[in-house]
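Enquirer: Build me a model:
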Amino acid sequence: MKNNVTRIFAAVLAVILLFSVSACGKGKDSETTTSAPITTAPTTTKLKATDYNRLTGLDTLSDEAKGKRPVAIMINNISQSLPQYGIYGADLMFECLVEGGITRMMAVFADYTKVPRVCSVRSCRYYFPIFAYGLDAVYFCFGSNKSLGTATLQKLGIDYFDGAQNYDELIFGRDPERLGNYSREHTAYVEGKNIPELLKKYNVRTDYQEGKDSYIFKFTAPKKVSKQSCNEVTLNFSPSYYSTFTYDAKRKLYLKQHSGKPHMDSKAGKQLAYRNVFALETEVSLYEGGPLVQMNWKGGKGYYISLGTVKKVTWTKADYGSRIIVKDENGKEIKVNRGNSYLGFVNNGNVEFPTA
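Expert: Numbers count the residues shown, from 1 in each chain. Got it, this is the predicted structure:
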C-alpha cells in the first residue's frame, strides 16, 4: 500500500500545439478592505509555521495537525465526472493538462485530521506527485500510467496510496449514489476522516520532514498586489477545457468556472473560490508523440492575482523536493496574501485577460 522510493528524470521541454479560448481582465476595482473572509488571520507575521497552516498562513489547524504533514489527493476533472465533492475546503488546488485536452486537479489539505470524503479520485500523472513531494505531502491516487506516473512514484521516495494497486476499504470506496449513474472510473472516493488511522496502520511518517516545516509562501496580511486591476482571468488548457476566475469584490475571492460553467462542490453546495490565483505558464508537449502529456515543472513566467489586482511574476522549482518560489519582475520573492490558493499550469501564452 505504501511505497517509498527515489528520484525521477527531468521533464522534457517542448512546445505543444496548444490553444486559446477565453479571457481575463483589467477593469476597475473599488475595493479597499484587506480582511480575509475565510478565517481569522494571525495577528503577527512572525509565527511558528508548525502552529499555523503552512499552506495558507492562517490559524486553521487542529491541535492534532500542528507540525504534521499535508495530504494531496488526485481529482478527476473530466466533464463526465462532474460535479466533484469534498474539494471546496482544500488549501491548495493544482490544475494541469493531461491527455486528450482534459485537465486533472490535485487538492491539498494542510490538516490531515479534517479531510472530508473526496470524490471522484483518479489516476496519477507524473508532475502532480513532484508538486506534492515539494510540499512533503502524503499522496493519494486511484491508478497511474506506468510509463511516467508509476515510474515517478517509484523514484521519488514519496509516501503514497494507490487504490488501483492496493485497495484498502479503510480509505478507498465507490460512491453508491454514483454507481449506475456514472461510468465506474468516475465513482472512486477517498474517505478523508480515516486518513489518521490509515497512516498509523501503515506506519507512515506524520511529522514534517526536517527543513520542510516552513510556509510555502511569504505570507502577508491581505492587500492589493499592484495598481493593475484584474476582475477576470482565463487559463486556456485546451479549446474545450479552460478555467475562468471572476472576482467577487464582496467576498474578496475569485470564483472558479469550469469551461464556462460554475465549478461546484456538490456536497458543500458552493462554487470553488480562492483568495489567490497563480496563472503559471511553462512548456507543455506530448510525451514521445502522445497521447501522454509532459510538462516543464521547473519554472516559467505567469501572473499572481489577488484582491482584484494582478502582477507579472516568474516561478521556479529547483528540484523535486523544493517548494515553488514566485518572484516579481525584479527577481524578488513576492509576498502572498494569506488564504487558499489555486495554481494552474498552462502552455506559454495561454493566460488571457478580457479586452475592453
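
Enquirer: Assign L58 to helix, strand or coil.
Expert: Secondary structure, DSSP: H, G, I helix; E, B strand; the rest coil: L58 is coil.

Enquirer: And for it, the neighbour number?
Expert: Look at L58: counted by other CB atoms under 10 Å, it has 22 neighbours. Where C-beta positions appear, they are placed from N, C-alpha and C, glycine not excepted.

Enquirer: And Q228, by the same measure?
Expert: Residues within reach of Q228, counting by other CB under 10 Å, total 16.

Enquirer: Report the buried residues of stretch 158-178.
Expert: For stretch 158-178, a neighbour-count test (16 or more other CB atoms under 10 Å) marks I158, D159, Y160, F161, D162, G163, I171, F172, G173, D175, R178 as buried.

Enquirer: now stretch 194-213
Expert: Residues of stretch 194-213 classed as buried by neighbour count (16+ other CB under 10 Å): N194, I195, P196, L198, L199, Y202, V204, T206, Y208, K212, D213.

Enquirer: again, but for stretch 328-346
Expert: Going by neighbour count (16+ other CB under 10 Å), the buried part of stretch 328-346 is 328, 334-346.

Enquirer: CA-only coordinates of it in PDB, if you can.
Expert: Extracted as PDB, the C-alpha positions of stretch 328-346 are listed here (Å, rounded to 0.1, in the frame of the first residue of the first chain):
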ATOM      1  CA  ASP A 328       8.400  39.700  -9.200                       C
ATOM      2  CA  GLU A 329       9.900  41.100 -12.400                       C
ATOM      3  CA  ASN A 330      12.800  42.400 -10.400                       C
ATOM      4  CA  GLY A 331      13.700  39.000  -9.100                       C
ATOM      5  CA  LYS A 332      12.400  39.500  -5.600                       C
ATOM      6  CA  GLU A 333      10.300  36.800  -4.000                       C
ATOM      7  CA  ILE A 334       6.700  38.100  -3.700                       C
ATOM      8  CA  LYS A 335       4.600  38.300  -0.600                       C
ATOM      9  CA  VAL A 336       1.300  36.300  -0.900                       C
ATOM     10  CA  ASN A 337      -2.000  37.200   0.800                       C
ATOM     11  CA  ARG A 338      -3.000  34.800   3.500                       C
ATOM     12  CA  GLY A 339      -5.700  32.400   2.300                       C
ATOM     13  CA  ASN A 340      -6.200  29.500   0.000                       C
ATOM     14  CA  SER A 341      -4.600  29.300  -3.500                       C
ATOM     15  CA  TYR A 342      -5.200  27.900  -6.900                       C
ATOM     16  CA  LEU A 343      -2.200  27.100  -9.100                       C
ATOM     17  CA  GLY A 344      -2.900  26.400 -12.700                       C
ATOM     18  CA  PHE A 345      -0.100  25.500 -15.200                       C
ATOM     19  CA  VAL A 346      -0.700  26.200 -18.900                       C
END
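
Enquirer: tell me the mean pLDDT over that stretch?
Expert: Averaged over stretch 328-346, pLDDT sits at 98.

Enquirer: sorry, back to before: mark which of the buried residues of stretch 194-213 are part of helices, please.
Expert: Counting by DSSP state H, these place I195, P196, L198, L199 in helices.

Enquirer: Is there a neighbour count for the nearest residue to F161 once chain neighbours are set aside? I'd like the number.
Expert: Counting by CB to CB, 6 or more residues apart in numbering, F140 is the residue found nearest to F161 once chain neighbours are left out, at 5.2 Å. By other CB under 10 Å, 27 other residues sit near F140.

Enquirer: coming back round to it: please convert the ones in helices among the buried residues of stretch 194-213 to CSV, extending it with distance to T244 and pLDDT.
Expert: Listed next are these as CSV, based on distance: CB to CB, whole Å; pLDDT from 0 to 100:
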residue, distance to T244, pLDDT
I195, 32, 98
P196, 36, 98
L198, 36, 98
L199, 37, 98
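
Enquirer: re earlier: tell me which other helices or strands the strand or helix carrying the residue nearest to F161 touches.
Expert: F140 is part of strand 138-141, with elements assigned from DSSP states H and E. Contacts defined by 3 or more CB pairs under 8 Å, 6 or more residues apart in numbering; DSSP states H and E place strand 138-141 against strand 71-76, helix 127-134, strand 160-162.

Enquirer: Adjacent strands (with direction) for the helix or strand that comes right after the last one?
Expert: The first helix or strand that comes after strand 160-162 along the chain, using DSSP H and E, is strand 172-174. Strands flanking strand 172-174 in the sheet, each with its direction: strand 188-191 (antiparallel) (DSSP bridges).

Enquirer: Dump the partner strand to CSV, keeping only the CA atoms.
Expert: Taking C-alpha atoms only, strand 188-191 is exported to CSV below (Å, rounded to 0.1, in the frame of the first residue of the first chain):
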residue,chain,number,x,y,z
ALA,A,188,-13.9,6.3,-6.6
TYR,A,189,-13.5,8.3,-3.4
VAL,A,190,-11.0,8.8,-0.6
GLU,A,191,-12.5,8.6,2.9
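
Enquirer: Perfect, I'm done here.
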